[in-house]
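Visitor: let's see this in three dimensions:
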Amino acid sequence: MISVIIAAFNAAATIDRCINSIDVAKKNHDIELIVIDDGSKDHTASLLHSWASTRSWITVKYQKNGGVAEARNTGLDIATGNYIVFIDADDTIDDWYFDFVFEQAVDRDVEMLAFGHKRMMLDGSVIKRPNSAAEYSRQDIETLQLRVTENRHIYWYACTKVYRKNLIAELRFDSDVKFGEDGIFNIACLSKANRLSVLPDCPYNYYENATSITSSQYKSGLLESIEADYTARVRIHDWSISATEKQVLLSDFARSYVEHMLPYLLNNLAHIDMKKRRAELIKTTVFRLSELFAALLSTTSSTRHSCIDFMFFTALVCYDAGFSSTVLVESKGEKICLILFASAFTQ
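Guide: Numbering: from 1, shown residues only. Next comes the predicted model:
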């Protein structure tokens, strides 16, 4: 059996579309659908009740709002299937989704399967995001764990994975992490896995949402969410590795936060009043500077160049907010322009 877990919060506009796609794809497959209503304030509950009253394979649980991680954990606590998949309440699956999952995961007895997805854009266009097919042994996985950002197609999403239940029986999503919780969960899963299968097929449809955490809107509490992600990553990685491997992992940390986290933080600046922008920038730029810059200076040349490009962009934003001081740091013959953030506290 496959257990399908959906965390739903104020999903009245999309939950019927989501569950209908599952209903169509089910066919004769042995699945159970577990939907956790995470304290919705709209009529999500009534829609879910309607589905559960006509489908014996659908179970609905209601709980106080605690976030997607807690909702998924509730689903994991009651799931009875041999394999687990997650589907977001605003997404859909193709009608061959379960055919694919049973054939490629269940029948092959794969511990963890990663597959591609299609992005359904707000303008109606569809962008296909396939993976490159690959099979990973335990030794291969240990190398992957040092390069999470480079292999984000494997780590970033829980909804494009199939997990064998005995692999994740003792694992749960970190409810303190609101941004990047899927990545933390997948790092933990792969720390236990002996085999990972990656396929290019795209049976999952991810719908762009203007209000999602990854949208371009202002996100309150974003810095705290990223801090929680950083703390979780430090805790969950295996640091009993060689000095060379540790440098590779620190390089991955730097790349992750410079290329993906800091852009979201700077994006927040564009969505607040100019008078508040300076205070927000001060709060943003003190985020893990010592760790970030130390990792930056130890990275490979190609990663340093991408970091440097982003630092120059950051310099322009800081200048716009009233920060004009910079400092040059020389590393391995390269001069890297960094912002002298200390000036913010003396003005």
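Visitor: please make it C-alpha for all contacts and neighbour counts, starting now.
Guide: Noted.
Visitor: show me where pLDDT drops low in the stretch 201-347 of the chain?
Guide: 210-217, 269-270, 274-275, 277-347 (pLDDT under 70).
Visitor: kindly recompute the last result at 80.
Guide: 210-224, 226, 254-255, 257-347 (pLDDT under 80).
Visitor: quick check: closest non-adjacent residue to residue 61.
Guide: Distances taken as C-alpha to C-alpha, 6 or more residues apart in numbering place residue 36 nearest to residue 61, at 4.9 Å, with adjacent residues excluded.
Visitor: that neighbour should be in a strand, yeah?
Guide: Yes: per DSSP: H, G, I helix; E, B strand; the rest coil, residue 36 lies within a strand segment.
Visitor: what sits opposite it in the beta ladder?
Guide: residue 7, residue 61 (DSSP bridges).
Visitor: so it sits right up against residue 58, yeah?
Guide: No: using C-alpha atoms under 8 Å, residue 36 is not in contact with residue 58, being 10.9 Å away.
Visitor: higher neighbour count, the two?
Guide: More neighbours surround residue 36 than the other of residue 36 and residue 58, with 27 against 19 (other C-alpha atoms under 10 Å).
Visitor: quick check: that one vs residue 72, distance?
Guide: Distance of residue 36 to residue 72, given as C-alpha to C-alpha, to the nearest Å: 7 Å.
Visitor: now the helix or strand where residue 22 lies - C-alpha only, PDB.
Guide: Here residue 22, judged by DSSP states H and E, is contained in helix 15-26. The C-alpha coordinates for helix 15-26 follow below in PDB (Å, rounded to 0.1, in the frame of the first residue of the first chain):
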ATOM      1  CA  ILE A  15      -8.300  21.000  -2.600                       C
ATOM      2  CA  ASP A  16     -11.000  19.600  -4.900                       C
ATOM      3  CA  ARG A  17      -8.700  19.900  -7.900                       C
ATOM      4  CA  CYS A  18      -5.900  18.100  -5.900                       C
ATOM      5  CA  ILE A  19      -8.000  15.200  -4.600                       C
ATOM      6  CA  ASN A  20      -9.800  14.800  -7.900                       C
ATOM      7  CA  SER A  21      -6.500  14.200  -9.600                       C
ATOM      8  CA  ILE A  22      -5.600  11.600  -7.000                       C
ATOM      9  CA  ASP A  23      -9.000   9.900  -7.400                       C
ATOM     10  CA  VAL A  24      -8.500   9.700 -11.100                       C
ATOM     11  CA  ALA A  25      -5.000   8.300 -10.800                       C
ATOM     12  CA  LYS A  26      -5.900   5.700  -8.100                       C
END
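Visitor: and that helix, how far out from the chain middle?
Guide: 23 Å (C-alpha atoms, centre = their mean, to the nearest Å).
Visitor: buried ones in it?
Guide: By neighbour count on 16 or more other C-alpha atoms under 10 Å, the buried set for helix 15-26 is 15-19, 21-23, 25-26.
Visitor: could you provide those residues in TSV, with additional columns for distance to residue 81?
Guide: Below are the buried residues of helix 15-26 laid out as TSV (distance: C-alpha to C-alpha, whole Å):
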residue	distance to residue 81
15	22
16	23
17	24
18	20
19	18
21	20
22	16
23	17
25	17
26	14
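Visitor: need the max-distance pair from these.
Guide: 15 and 26 (16.4 Å; C-alpha to C-alpha).
Visitor: right, and residue 32 touches residue 58 too?
Guide: Yes: under the criterion of C-alpha under 8 Å, residue 32 makes contact with residue 58 at 6.0 Å.
Visitor: hmm, back to that, what touches both of residue 36 and residue 72?
Guide: Common contact partners of residue 36 and residue 72 (C-alpha atoms under 8 Å, 6 or more residues apart in numbering): 5-7.
Visitor: what mean pLDDT does stretch 30-41 have?
Guide: Averaged across stretch 30-41, the pLDDT comes to 98.
Visitor: outside of that stretch, which residues touch it?
Guide: Under C-alpha under 8 Å, 6+ apart, the answer for stretch 30-41 is 1-11, 44-45, 48, 57-68, 71-72, 74-75, 79, 81.
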